[in-house]
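Student: The following block contains a protein sequence and its predicted model.
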Amino acid sequence: MKSGAIPAWLRGSAAALGIALCFAPAQARVTRIVVDQTTSPAFNGQSFGTAGAYETLSGRAFGELDPNDPHNAIIQDINLAPRNANGRVEYMATFFVVKPIDMSRSSHLLWEDVPNRGGRITIGTFDRNNGDIGLSAGWQGDNVGATQQVFPNTTRDFVVVPVAKNPDGSSITGMTLGRIYNVSGPASQAPLIYTNPTPYPAATLDTTQARLIARTAESMTGEVSGEREIASGDWAWARCTAASPFPGTPDPTQVCLRNGFDPTLIYTVVFPAKDPYVLGIGFASFRDLGSFFRYAQADDFGTPNPLAGQISASIARGSSQSGNFLREYLQLGFTQDEANRKVHDASWPTIAGRRLVMNVRFATPDAVLHLYQAGSEGPMWWVHWPDVARGLPAAGILDRCTANGTCPKIVETFGAAEFWDLHMSPNLVGTSANEDIPLTRNIRRYYIPSTPHGGGGGGFTTTPAAIPNGSGTNWGQCTFPANPVPHTETRNALTMGLRNWVLNNVPMVPSRYPTIIGGNLVQPTKEAMGFPTIPGLPPDAPTGLINPLFDYDFGPRFDVMDIKGIVDNVPPVIRRILPSRVPRVDPDGNELGGVPVVLRDAPLGTYMGWNITGAGVFKGNICSFTGGMIPFAKTRAERLASGDPRLSLEERYANHEGYVQAVRNAAANAVAQGFLLQSDADAMIAAAQASNVLQ
C-alpha cells in the first residue's frame, strides 16, 4: 500500500467512518470551560528546575458534537443521543492542569495524560523539573464520578455523556454479562467487569429473562468444567445480607442467591441491560480538550484559555487501560480536530497490548481480556498488515491518520506481563505469529525484559518481596514473590529522548525488542523458551500459562475492524485459538531481546512476567498479569541441596563488592546505549552499595 492511500476497507464510506474531509465545518468543539479550583503555588511552594513554582487548575469543559460531522460520525449511537437546540450532542469533561506559574519559564511541552479508570494524573517531579505542562483529561463516562457528578472533584477525571435512546424516546436494551468469583456467603454481589461493577443495571428484575451460570473451573484455553445453570427461582436481582438473606430487597445491580455463594464456583450472569451510555464520546472529549488547550485563545463566553499561546508541542500519554485507550483513539481517527488540525505530535501508549472496548453499545472499557472480553479484534499492529488467520482485510491502527496526514510520532513500551496475559504478541507478529511486522521511521518500540505489568518496585535486596494478589478484585493470591524489576528509570531516559524528538526533531534511540528473525521470539513453551527447571515450579512451567488469543464471534452487528457496533452473542462464541509468541530466556530464565535494565542484567533471581494463581477458583492458571520472582540461592551448597541449576549469588558475584561492580557495569552499559540517565545510574549504584546482597 502506498503511503497516504486509504485502504480498501475504508474506501467508499470515508465520511461515515471518520476520515476527515478538508471542507468539513469546524463546529464541534469545547464551547465553555469553568475553573473550579486553583492552587497557586502548588506542591507546597516547591521550585522545580528552571521553571520555578507550579500551580494547578481543576475544572470542567463543556463541549458539543455534530453527529453528522465526519469527525464524529464513527461514534457508536451518537445518532441516538439527545441533541440541543442547535442539533448538537453535548458532553461535560473534567480536567486538571499542572503548569509553571511563570509560563515564560516553561518548556511549552504539554503532556495530555489519559487517566486510568478516572484516577486524576498529576505530572511528576521529573516532568516538572523539565518545565513541562500537564493536562489530565476526562474520558471515561461509565465510572464513579461520571455517574455521580460531584463537583469540584479533586481526585478523579471523567466525562459525563448522554444515554442513547430509541427514536421514540424509549430505553434501548441489549444483552451483557458480569462475573462473580472467589466469594462466599449470603451477601449479594455486584457482577464485575474486572474490578468494577457492570455499569448497566438489569432492564428487568425477572430472572427468567437472564441466565446465571455456575462452573467449577475454566481452563486457560476457555474450556469449562462442572457447568450448570441456576434455576431462575433460586436467585434474584436483589440486595441481601446475612441479616436480610434471599430474596432480599429488589436491586437491578446486585445478585442474591437462595443458598448463598459457593467460593469453589465461578458465576457468570448474562442479562438484558438498558440505557447504554454513548461512551465513544470520550474519544472526542479527549481530542477536544487537547485541541482547546493547545490552540484556543478563549472559550465562546470569553473565558481565557489558561494555556493560550503557550503550547508549542503536545504528547498524549497513557498506561495500561489508558494506553489501550490511545491505541483505539488512533485507530478511530481522533488524531484530527474539527478544524482539521493535528492534535498531538506524539503518542505514548505504555504496557498496552490491545485496543479499548469503548465504542460499542453497552461497552465495558474496564475489561482486561479475561474470558469473553473483547479488545484484540481487528488490527492490533501499527502499519498496514494482513490478517490471514482471521480472514480479515489488511489494516493497521495508523491507517486513518496516515490517510489525512495527522499521525503523531509513536512510542510504545511494554514488558513480559503484556506478552503473557495481555495479548502483546499480535502487535509484533500478527495473528499468524510467523513473521515480524515492520515498523516505520516514526515509530519506536522498546521492550523492557522480565518485568511485571507496569514494572516492579526496584531496589537491590535478597529479601523476597511479598507474594502479590492477582490483578483484579478477588482474583486470588499468587504463588511467587512479586517481581521487582522496574520500568521507572528506563521510562525516565525514554521521556528525555521523546521530548528531544518532539521538541528538537532529534530521533530517539533505535527500537529494541525481541523478534522472530532474531531468534528471541518463540513459542510459549518451556522447551522453545529454554526455560530452566527450577525447584518449586511445576515441571512444565510456563507451558500452558499464557492467556491465549481467542478469535471470538460477537455476532453480525459487531464491527471487528473498529471494535464498534452491537454485540449479539453474549457470551461470544470461541471460534479458534490463535498462536502467540513470547521472548526466549537465558539459562537463568530471564528474558532476552529487550533494552538493558540494571536489575535484569545484574540479577538476584529469575524475574518472570507471569505468576501462578495459588488458591481459589483460578488455581493453577496465570495470576492475572502479575509477575513473579524466584530468588537465587546464596551459596553453591544451598543450590545443590535443592537441585537448582542456576548459579548461586556467591558463584556469580563472590561477595558484596562483586555485586556492586556488576551493578556498575550494567548501569554503564545502559547509560552508553541511551536507556538510563546518569543521575539514575548513580542512584542505583548507591542503592546497591547500601543493599544486603552478600553482606
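Tutor: Nice, I can see it. On a predicted model such as this, the values are computed, not experimentally measured, just so you know.

Student: Okay, strands next: where are they in the stretch 201-350 of the chain?
Tutor: Here the stretch 201-350 of the chain has its strands, by DSSP state E, counting those that start in this stretch, at 211-215, 217-218, 224-225, 228-229, 235-239, 249-257, 266-274, 313-319, 346-350.

Student: nearest to residue 163, of those?
Tutor: strand 266-274 (9.1 Å; CB to CB). (Glycine included, C-beta is placed from N, CA and C.)

Student: Surely residue 575 is in contact with residue 552?
Tutor: Yes - if you go by CB atoms under 8 Å, residue 575 and residue 552 touch, sitting 6.9 Å apart.

Student: So between these two, which is more surrounded?
Tutor: Remark: of residue 575 and residue 552, residue 552 carries more neighbours, 22 against 11, as counted by other CB atoms under 10 Å.

Student: which secondary structure element contains the more buried one?
Tutor: Counting by DSSP states H and E, the element that carries residue 552 is strand 549-553.

Student: Off-centre distance for the helix or strand just after that strand?
Tutor: Proceeding N to C from strand 549-553, the next assigned helix or strand is strand 558-559, under DSSP H and E. From the chain centre to the centre of strand 558-559 is a distance of 21 Å (CA atoms, centre = their mean, to the nearest Å).

Student: quick one: average confidence on strand 558-559?
Tutor: Mean pLDDT, computed over strand 558-559, is 98.

Student: Please name the strands paired to it in the sheet, noting orientation.
Tutor: If you go by DSSP bridges, strand 558-559 pairs up with strand 564-565 (antiparallel).

Student: The residue nearest to residue 234 when sequence neighbours are not counted: neighbouring residues, count only.
Tutor: Counting by CB to CB, 6 or more residues apart in numbering, residue 258 is the residue found nearest to residue 234 once chain neighbours are left out, at 4.4 Å. Residue 258 has 15 neighbouring residues, counting by other CB under 10 Å.

Student: any idea how far residue 258 lies from residue 364?
Tutor: The gap separating residue 258 from residue 364 is 28 Å, by CB to CB, to the nearest Å.

Student: likewise residue 337?
Tutor: Distance from residue 337 to residue 364, by CB to CB: 28 Å.

Student: And residue 110, by the same measure?
Tutor: Distance check for residue 110 against residue 364: by CB to CB, it reads 30 Å.

Student: so residue 524 makes contact with residue 547?
Tutor: No - taking contacts as CB under 8 Å, residue 524 lies outside contact range of residue 547: 9.9 Å.

Student: Show me the common contact partners of these two, please.
Tutor: Here residue 524 and residue 547 share the contacting residues residue 420, scored by CB atoms under 8 Å, 6 or more residues apart in numbering.

Student: Which strand in this protein has the most residues?
Tutor: Criterion DSSP state E: the longest strand present in the chain is strand 52-65.

Student: name the helices or strands packed onto it?
Tutor: Using 3 or more CB pairs under 8 Å, 6 or more residues apart in numbering; DSSP states H and E, the elements in contact with strand 52-65 are strand 29-39, strand 89-100, helix 281-295.

Student: tilt between it and strand 29-39?
Tutor: Here strand 52-65 runs at an angle of 150 degrees relative to strand 29-39 (axes from the mean of the first three to the mean of the last three CA atoms, to 10 degrees).

Student: Ramachandran coordinates for residue 403?
Tutor: Phi and psi for residue 403, reported as degrees, to the nearest 10, are phi -70, psi -30.

Student: can you offset everything so residue one is 377?
Tutor: All set: I'll call the first residue 377, so the last point we hit is now residue 779.

Student: Kindly provide the distance from it to residue 711.
Tutor: Distance of residue 779 to residue 711, given as CB to CB: 11 Å.

Student: Please identify which of those two sits among more neighbours.
Tutor: Counted by other CB under 10 Å, residue 779 and residue 711 do not tie: residue 711 has more neighbours, with 25 against 20.

Student: show me the contacts for that one.
Tutor: Neighbours of residue 711 in contact, by CB under 8 Å, 6+ apart: 663, 705, 718, 719, 720, 776, 777, 780, 782, 783, 784.

Student: For the closest residue to the fourth one other than its chain neighbours, list the residues it contacts.
Tutor: For residue 719, ignoring the flanking residues on the chain, the nearest one in space by CB to CB, 6+ apart is residue 666 at 4.9 Å. When the contact criterion is CB under 8 Å, 6+ apart, the partners of residue 666 are 486, 488, 511, 513, 690, 692, 719, 720.

Student: The first one in helix, strand or coil?
Tutor: The local conformation at residue 486, judged by DSSP: H, G, I helix; E, B strand; the rest coil, is strand.

Student: Settle this for me: it is touching residue 693, isn't it.
Tutor: No - counting by CB under 8 Å, residue 486 sits too far from residue 693 to count as a contact (10.3 Å).

Student: what's the closest of the strands of the stretch 577-726 of the chain to residue 879?
Tutor: Of the strands of the stretch 577-726 of the chain, nearest to residue 879 by CB to CB is strand 689-695, at 5.8 Å.

Student: just to revisit the earlier point, which of the strands of the stretch 577-726 of the chain sits closest to residue 540?
Tutor: strand 642-650 (10.4 Å).

Student: So which of residue 486 and residue 693 has more stuff around it?
Tutor: Between residue 486 and residue 693, counting by other CB under 10 Å, residue 486 is the more crowded of the two (27 against 24).

Student: and the more buried one, how far is that from residue 807?
Tutor: Residue 486 is 36 Å from residue 807, by CB to CB.

Student: Residue 649 now?
Tutor: To residue 807, residue 649 is 31 Å away according to CB to CB.

Student: One more: residue 491?
Tutor: 31 Å.

Student: before we move on, what about residue 1033?
Tutor: Counting by CB to CB, the gap from residue 1033 to residue 807 is 50 Å.
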